[in-house]
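Visitor: no sequence on this one, just coordinates:
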Ligand SMILES: Nc1ncnc2c1ncn2[C@@H]1O[C@H](COP(=O)(O)OP(=O)(O)OP(=O)(O)O)[C@@H](O)[C@H]1O
Ligand SMILES: [Mg+2]
């Protein structure tokens, strides 16, 4: 229960720069009187709601709350306690102030002023403006009776009184969460689609790589086989040629050629010697043919001698020719052999060149094979493809994370929607309201009959009323006269207060009746109301604003009056 203790203000409405302080829990019942415009409503209605909720009870713009003569320094302070804690709220305009003190300490003001107000309403007062006005204030032109509130506002007030508005707050939070979860799922779905596309592209890429890789390797293997066959052929060629033998042949051929050449030279020399010899003999034959006398000894040369000499010389020439011929035959044979040796030499040299070329080719092919084998072992299967497969696995992992995140969100939505169902107007709240409705109706009827207003009031779950009156059909609130409406309003207010006390929710010590006695109540009504207030004032500080002070003055323990002096309102305690 909240006990409001003091409210004080300055430069507020018609009040000037001097602080006016009103004690709110000192007297059981207080009558507030004063002429029209003396400042009663500012002092008791607007000051309290402005201090607590930042807005006046009446529809006045905030800047117009500042005293129009002083135009600044508007300040309202309210002190109250809740359990063992004492609170002070200071609210000002020009300059703007909002301070909340708990047991003398200023509450953390890091929060924005809106949050600060939320803390005040939700955590400290535990009631909002609408509920406060429904359980504390009755009457006056600005007051909207419960029965004239919209269904939503009626629900709001009752939920606040029953302390179940937290369910509505929870519901709002849940709805927000569901919305953001659905949004997350939409985001995840988009991401999933992108990831799936990426995975498809990656899989196709890997397949292409694998296909290309195996084709490449096949090509390489067949190239190796070709090279190996060529190497084999070259090796056979080398074996067939036998380079060692070729080398020996070359050496032998060279030696033979040298020997043959020497012999040939000798033969040619012999031939020339014989030719020279032959020419000498032919000269002598010619001498004997041409000469009759010896030129040296001048003796005559006989014909016989001549003949003999010519015959013997011709025989010599024949012998020489035979010898030359013989030698020339040998020369021809040897020249042929020499030729054969030279051919053999050329061939053997050729063979060696071929062997060397084959060896070089074998070397080149072997190198090539080695290089190809390396490129096969280093190829995509172990390198690029496995890296690409790793990437694919990572992508699949990411996909799984997204899917499980989505499943989690979907489960959360399910639970939130279940909770949402429970928290909806038709859910737990309705159960609680249903439970309390008979109690509410009981209290309302109790207060109505206490005011000698014998009707059967019944409010349903939709907060619509049916009022049965004797000899009449079902009536609604609007069917009744102003005085009767006033009785219903009061009965409802007192019933709310009773329920609030029961629930220990929005219960407080203040009850302010603004001109309730003045307008529609007849003298019987006034008496009944006074009787009721007497009972109520045992637990409540009742304030009655009225112009009928002469009729009421003896019924109140305290009277506070207001008047205006020098254009400023002032309070006079009697
Ligand atoms: N910002 C302001 N500065 C100065 N005076 C103001 C300001 N706003 C309103 N007033 C005046 O303050 C006076 C007090 O008004 P208030 O409504 O409190 O009177 P009241 O005592 O409740 O009168 P009633 O009995 O007619 O309801 C009025 O004369 C009004 O014109
Ligand atoms: Mg007034």
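Guide: Noted; the coordinates are in hand. From a predicted model like this one, the values you see are computed outputs, not experimental measurements. Ligands and ions are numbered 1, 2, ... in the order given.

Visitor: what about the nearest residue to residue 241 once chain neighbours are set aside, distance to ligand 1?
Guide: The spatial neighbour of residue 241 that comes closest, neighbours along the chain excluded (C-beta to C-beta, 6 or more residues apart in numbering), is residue 351 at 4.7 Å. Every C-beta, even on glycine, is put in place using the N, C-alpha and C of the backbone. The spacing between residue 351 and ligand 1, counted by C-beta to the nearest ligand atom, to the nearest Å, is 130 Å.

Visitor: Hmm, residue 238 and residue 351 touching each other?
Guide: No - assessed by C-beta atoms under 8 Å, residue 351 is found out of contact with residue 238, at 9.8 Å.

Visitor: out of those two, which sits in the more crowded spot?
Guide: Ranked by neighbour count (other C-beta atoms under 10 Å), residue 351 and residue 238 place residue 351 first, with 21 against 17.

Visitor: quick one: contacts for that one?
Guide: The contact partners of residue 351, by C-beta atoms under 8 Å, 6 or more residues apart in numbering, come to 241, 243, 246.

Visitor: roughly how far apart are it and residue 248?
Guide: From residue 351 over to residue 248 the distance is 12 Å, taken as C-beta to C-beta, to the nearest Å.

Visitor: do the same with residue 214
Guide: Here the distance between residue 214 and residue 248 works out to 52 Å (C-beta to C-beta).

Visitor: swap in residue 174?
Guide: Applying C-beta to C-beta to residue 174 and residue 248 gives a distance of 106 Å.

Visitor: quick one: which of the two has more around it?
Guide: Residue environment comparison for residue 174 versus residue 248 gives the larger neighbour count to residue 174, 20 against 12, counting by other C-beta under 10 Å.

Visitor: For the residue of the stretch 401-550 of the chain found nearest ligand 1, give me phi and psi.
Guide: With C-beta to the nearest ligand atom as the measure, residue 547 is the residue of the stretch 401-550 of the chain nearest to ligand 1, at 6.4 Å. Geometry field for residue 547 lists phi and psi as phi -90, psi -10, criterion degrees, to the nearest 10.

Visitor: That one against residue 518, yeah?
Guide: Yes - because the distance of 5.3 Å satisfies C-beta under 8 Å, residue 547 is recorded as touching residue 518.

Visitor: Get me the contact residues on this structure for ligand 1.
Guide: Taking C-beta under 6 Å from any ligand atom as the contact definition, the chain meets ligand 1 at 13-14, 34, 36-42, 64, 66-68, 562, 569.

Visitor: Low-confidence stretches in the stretch 401-550 of the chain?
Guide: By pLDDT under 70, the low-scoring segments of the stretch 401-550 of the chain are 471-472.

Visitor: Can you show me the strands along it?
Guide: Chain-ordered strands for the stretch 401-550 of the chain, with DSSP state E, counting those that start in this stretch as the definition, fall at 455-459, 465-469, 474-475, 510-514, 541-545.

Visitor: got the ones you listed as a markdown table, with mean neighbour count and distance to residue 219 columns?
Guide: Supplementary listing: the strands of the stretch 401-550 of the chain in a markdown table, determined by neighbours: other C-beta atoms under 10 Å; distance: least, C-beta to C-beta, whole Å:
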| stretch | mean neighbour count | distance to residue 219 |
| --- | --- | --- |
| strand 455-459 | 20 | 92 |
| strand 465-469 | 17 | 95 |
| strand 474-475 | 14 | 99 |
| strand 510-514 | 23 | 98 |
| strand 541-545 | 25 | 104 |
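
Visitor: remind me, longest helix of this structure?
Guide: Using DSSP state H, we find that the single longest helix of the chain is helix 165-241.

Visitor: Quick one: residues contacting residue 49.
Guide: Under the criterion of C-beta under 8 Å, 6+ apart, the contact list for residue 49 reads 55-57, 129, 132-133.

Visitor: In the stretch 251-400 of the chain, which residue sits nearest ligand 1?
Guide: residue 398 (65.4 Å).

Visitor: how far away is the residue nearest to that residue when sequence neighbours are not counted from residue 335?
Guide: Taking C-beta to C-beta, 6+ apart as the measure, residue 398 lies nearest to residue 195, with 6.0 Å between them; neighbours along the chain are not counted. Spatial separation of residue 195 from residue 335 under the definition C-beta to C-beta is 93 Å.

Visitor: When the two are compared, which one has more neighbours?
Guide: Neighbour count, other C-beta under 10 Å: between residue 195 and residue 335, residue 195 has more, with 18 against 13.

Visitor: does the more buried one really touch residue 400, like I thought?
Guide: No - judged on C-beta under 8 Å, residue 195 makes no contact with residue 400 at a distance of 10.1 Å.

Visitor: got any ranges where the protein has weak pLDDT?
Guide: Counting by pLDDT under 70, the chain contains low-confidence residues at 111-114, 140-141, 377-383, 471-472, 574.

Visitor: could you pull out the helices for the stretch 1-150 of the chain?
Guide: 40-41, 47-53, 113-118, 129-136 (DSSP state H, counting those that start in this stretch).

Visitor: closest to residue 551 out of those?
Guide: Between residue 551 and those, the shortest separation by C-beta to C-beta is 17.0 Å, and it involves helix 40-41.

Visitor: How far does the closest one sit from its chain's centre?
Guide: 58 Å (C-alpha atoms, centre = their mean, to the nearest Å).

Visitor: Could you shift the numbering so residue one becomes 44, and keep it that way?
Guide: In the new count, where the first residue is 44, that last one comes out as helix 83-84.

Visitor: Show me what that helix is packed against.
Guide: Contacts of helix 83-84 with other secondary structure elements, assessed using 3 or more C-beta pairs under 8 Å, 6 or more residues apart in numbering; DSSP states H and E, are made with strand 72-77.

Visitor: Relative to the whole chain's centre, how far out is the helix or strand containing residue 351?
Guide: Of the helices and strands defined by DSSP states H and E, residue 351 is found in helix 346-420. On the basis of C-alpha atoms, centre = their mean, helix 346-420 sits 93 Å off its chain's mean C-alpha point.

Visitor: same check, this time on stretch 242-257
Guide: Its chain's C-alpha centre and that of stretch 242-257 lie 30 Å apart, by C-alpha atoms, centre = their mean.

Visitor: For that stretch, buried residues please.
Guide: Judged by neighbour count using 16 or more other C-beta atoms under 10 Å, the buried positions of stretch 242-257 are 242, 245, 249, 252, 256.

Visitor: what's the helix or strand for the closest residue to the third one other than its chain neighbours?
Guide: The reference is to residue 249. Leaving aside its chain neighbours, residue 249 sits nearest to residue 431 (5.1 Å; criterion: C-beta to C-beta, 6+ apart). Under DSSP H and E, the secondary-structure element containing residue 431 is helix 427-466.

Visitor: Domain map for this protein?
Guide: Following the assignment in automatic domain parsing, the chain carries domains at 44-169+549-617, 225-261+428-464, 269-422.

Visitor: mind checking the end-to-end distance for the second one?
Guide: It stands for domain 225-261+428-464. Between the opening and closing residues of domain 225-261+428-464 lies a distance of 17 Å (C-alpha to C-alpha, to the nearest Å).

Visitor: Out of the residues of the chain next to ligand 1, name the ones that lie in strands.
Guide: Among those, the ones falling in strands (DSSP state E) are 77, 605, 612.

Visitor: Tell me how many other residues crowd the closest residue to the last one other than its chain neighbours.
Guide: Using C-beta to C-beta, 6+ apart and skipping residues adjacent in sequence, the residue nearest residue 612 is residue 82, 2.9 Å away. The local packing count at residue 82 equals 23, with neighbours defined by other C-beta under 10 Å.

Visitor: Is residue 82 in contact with residue 608, as I believe?
Guide: No - using C-beta under 8 Å as the test, residue 82 is too far from residue 608 to be in contact (10.8 Å).

Visitor: got the buried residues for stretch 574-581?
Guide: Neighbour counts using 16+ other C-beta under 10 Å place 575-576, 579-580 of stretch 574-581 among the buried residues.

Visitor: One more: stretch 115-131?
Guide: When burial is assessed from 16+ other C-beta under 10 Å, stretch 115-131 yields the following buried residues: 116-124, 130-131.

Visitor: which one among the residues you listed gets closest to ligand 1?
Guide: For the buried residues of stretch 115-131, the closest approach to ligand 1 (C-beta to the nearest ligand atom) belongs to residue 117, at 8.6 Å.
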